[in-house]
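Any chance you could fold what I've pasted below:
(one chain, ligands or ions: 1)
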Amino acid sequence: MTETVVSSALTPKEHREPSRLWHTFCDMNTVAKGPEFVVARAEGVWLWDQSGDRYLDGTASLWYCNVGHGRAEIADAVHRQMTTLDAYTVYGDFANAPAMELSERLAAHAPVADPRVILTCGGGESIDTAAKLARSYWVTQGQPQRQHLISRTGGYHGLNGFGTSIIGMERFRSGYGKLIEDTSVVRHDSAAALEAEILRVGADRVAAFFAEPVIGAGGVFLPPENYFTDVARICQKYGVLFVVDSVICGFARMGNWFGIERFGVSPDMIVFAKGVSSGYLPLGGVVVNGRVADPFWNEAGNPFLHGTTYAGHPSACAAAMANLDILEREDLFTVSREVETHLDSALRGLADHPLVAEVRSGTGVMGAVELTEEALNERGVTTAEVFAEARTRGVIVRPVPKALLVSPPLVITWEQIDHMTSTLSSALDAVM
Ligand code: PLP
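Residues are numbered from 1 along each chain as shown. Reported below is the predicted structural model:
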């Protein structure tokens, strides 16, 4: 496994001592007792730790490194931008060329009518933006009672204020007192459930419906046949704004720009982040259709009083532009479809493993290997153990409570996919 010895500025003692870095998703009582897993270097689909051991990045970090690690041209573009105009706000009428060009480019490809683009620093911030904009839009329409937001079981929309309030996973919602009110969650596998909920709440009270094209962090759940056509029709019927959260599904992970094109519908807003810059610098945003934007653009005295300091950051936008250049030049849209097919068949090879209940994959470069209830509840197997066994063997996968998730960079080869799935299989064997 050891291929390259990476020199490090840290002394061996410092390697072993846990730092003061708070890993917020983790039980720090456990993490603080052992050495942290320090990633020292990355290139393509590979990571190296401080000892020089190499790992296949089966998760593209946290679903975002679509073009793979170590792309010098993104670094060069950022360097050029930083030595030209490092950063400047887009507050008021200030603008900068990378923010304007990126907005034009995203608007040109978004399946949204007459699009406008709001830029942010990430996914959760963009969800807050979309939720506030949806509610605000209805105020401009003389319907301030339209505030209710509907989302789906298993849906993950980041952990900012609105994201925490609409997330479809209970464990992320509790312990914070009263969350944002007028929200509800419906089953992710039924358009009829959405319609029933709109009718229960009262159509004239529902502002928007939020959905990921394929549910990612919640466990890779694919939509049933015709789901999004039905959802789009239902939203239109009741005047509910349809907000697509493409934070994971965008920028070629589903073989197109925003994921939702796969289902042939045109939403009112698309939330994006992650793959837009492949994570080289933090960036996100919302593509908004003209119907929603017009009351703010066409009527005087009606600003959308929302935004953040680093929105439209020119260096982050330059990273995104260079990243999009790579996606287009290497046609990672087409490559992604081929990777999707190979990944799907490789993952399905794990379906017969005695610990595996189900494999979910085949739409987008992502997949879930769910463990059986018997493994989880009777044998006491945890996905964290499987993750640890895979990492010891040189492959990074992502554990969620019932499943191991994969979402590799789109530049992964067939051989590397097979290496990833066979290592996952050995990790499963190891915990039996
Ligand atoms: N929406 C989806 C679908 C996500 O997967 C995520 C993050 O994983 C977010 C929103 C939140 O993005 P961020 O972590 O950049 O706030």
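
Identify the residues contacting whichever residue of the stretch 201-350 of the chain sits closest to the ligand.
Nearest to the ligand, among the residues of the stretch 201-350 of the chain, is V247, at 3.5 Å (Cβ to the nearest ligand atom). Every C-beta, even on glycine, is put in place using the N, C-alpha and C of the backbone. Taking Cβ atoms under 8 Å, 6 or more residues apart in numbering, we find V247 in contact with W63, G123, S126, H157, G158, E212, G216, V271, F272, A273, K274, G284.

Whatever residue of the stretch 101-250 of the chain ends up closest to the ligand - how many residues pack around it?
Closest approach of the stretch 101-250 of the chain to the ligand (Cβ to the nearest ligand atom) occurs at G123, with a separation of 2.2 Å. Using other Cβ atoms under 10 Å as the criterion, G123 is surrounded by 30 other residues.

What of D93?
D93 is flanked by 5 other residues according to other Cβ under 10 Å.

just V335 next, same as before
V335: 17 surrounding residues under other Cβ under 10 Å.

Surely V117 forms part of a strand?
Yes. V117: assigned to a strand according to DSSP: H, G, I helix; E, B strand; the rest coil.

Redo the contacts of V247 as JSON lines? Include secondary structure and pLDDT.
JSON lines is the format used below for the contacts of V247 (DSSP: H, G, I helix; E, B strand; the rest coil; pLDDT from 0 to 100):
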{"residue": "W63", "secondary structure": "helix", "pLDDT": "98"}
{"residue": "G123", "secondary structure": "helix", "pLDDT": "98"}
{"residue": "S126", "secondary structure": "helix", "pLDDT": "98"}
{"residue": "H157", "secondary structure": "coil", "pLDDT": "98"}
{"residue": "G158", "secondary structure": "coil", "pLDDT": "98"}
{"residue": "E212", "secondary structure": "coil", "pLDDT": "98"}
{"residue": "G216", "secondary structure": "coil", "pLDDT": "98"}
{"residue": "V271", "secondary structure": "strand", "pLDDT": "99"}
{"residue": "F272", "secondary structure": "strand", "pLDDT": "99"}
{"residue": "A273", "secondary structure": "coil", "pLDDT": "98"}
{"residue": "K274", "secondary structure": "helix", "pLDDT": "98"}
{"residue": "G284", "secondary structure": "strand", "pLDDT": "98"}
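
could I get those residues as TSV with distance to N298?
Listed next are the contacts of V247 as TSV, based on distance: Cβ to Cβ, whole Å:
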residue	distance to N298
W63	37
G123	29
S126	23
H157	29
G158	30
E212	31
G216	36
V271	23
F272	25
A273	28
K274	32
G284	26
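
Mind checking which of these are buried?
With burial judged by 16 or more other Cβ atoms under 10 Å, the buried subset of those is W63, G123, S126, H157, G158, E212, G216, V271, F272, A273, K274, G284.

Let me know the secondary structure of M420.
Quick answer, by three-state DSSP: M420 is helix.

Check the burial of the residue nearest to it when sequence neighbours are not counted by counting its neighbours.
Excluding the flanking residues, the one nearest M420 by Cβ to Cβ, 6 or more residues apart in numbering is G58, at 4.9 Å. Per other Cβ under 10 Å, the neighbour tally for G58 reads 27.

Please name the residues that touch G58.
Taking Cβ under 8 Å, 6+ apart, we find G58 in contact with A390, V395, I396, V397, R398, V406, S407, P408, M420, L424.

How confident was the prediction at the fifth one?
With respect to pLDDT, R398 scores 98.

secondary structure element for H342?
For H342, the host element (DSSP states H and E) is helix 332-348.

neighbouring contacts of that helix?
66-67, 252-257, 326-327, 359, 361-365, 367, 369, 406, 408, 410-412, 414, 417-418, 420-421.

Can you tell me which of these end up in strands?
Counting by DSSP state E, the part of the contacts of helix 332-348 found in strands is V359, S361, G367, V369, V406.

which SS state does the closest residue to the fourth one other than its chain neighbours fall under?
Distance criterion Cβ to Cβ, 6+ apart; nearest residue to V369, sequence neighbours excluded, is L404 at 4.8 Å. For L404, the reduced secondary structure class is strand; criterion used: three-state DSSP.

and L404, how many residues sit next to it?
L404: 26 neighbours (other Cβ under 10 Å).

Out of the ones in strands among the contacts of helix 332-348, which is nearest to V220?
Closest approach between the ones in strands among the contacts of helix 332-348 and V220, by Cβ to Cβ: G367, at 5.9 Å.

pretty sure the residue nearest to V369 contacts F387?
Yes. Using Cβ atoms under 8 Å, L404 makes contact with F387 at a distance of 6.6 Å.

who touches both of those two?
V397, R398.

With distance to R233 and neighbour count as extra columns, can I get the ones in strands among the contacts of helix 332-348 in CSV?
Output for the ones in strands among the contacts of helix 332-348, formatted as CSV (distance: Cβ to Cβ, whole Å; neighbours: other Cβ atoms under 10 Å):
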residue, distance to R233, neighbour count
V359, 31, 22
S361, 28, 23
G367, 29, 27
V369, 34, 29
V406, 33, 28
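
wait, what's in contact with A131?
L149, F162, I166, I180, A208, F210, V243.

Buried residues in the one helix or strand it maps to, which are they?
According to DSSP H and E, A131 maps onto helix 123-140. For helix 123-140, the neighbour count (16+ other Cβ under 10 Å) marks 123-131, 133-138 as buried.
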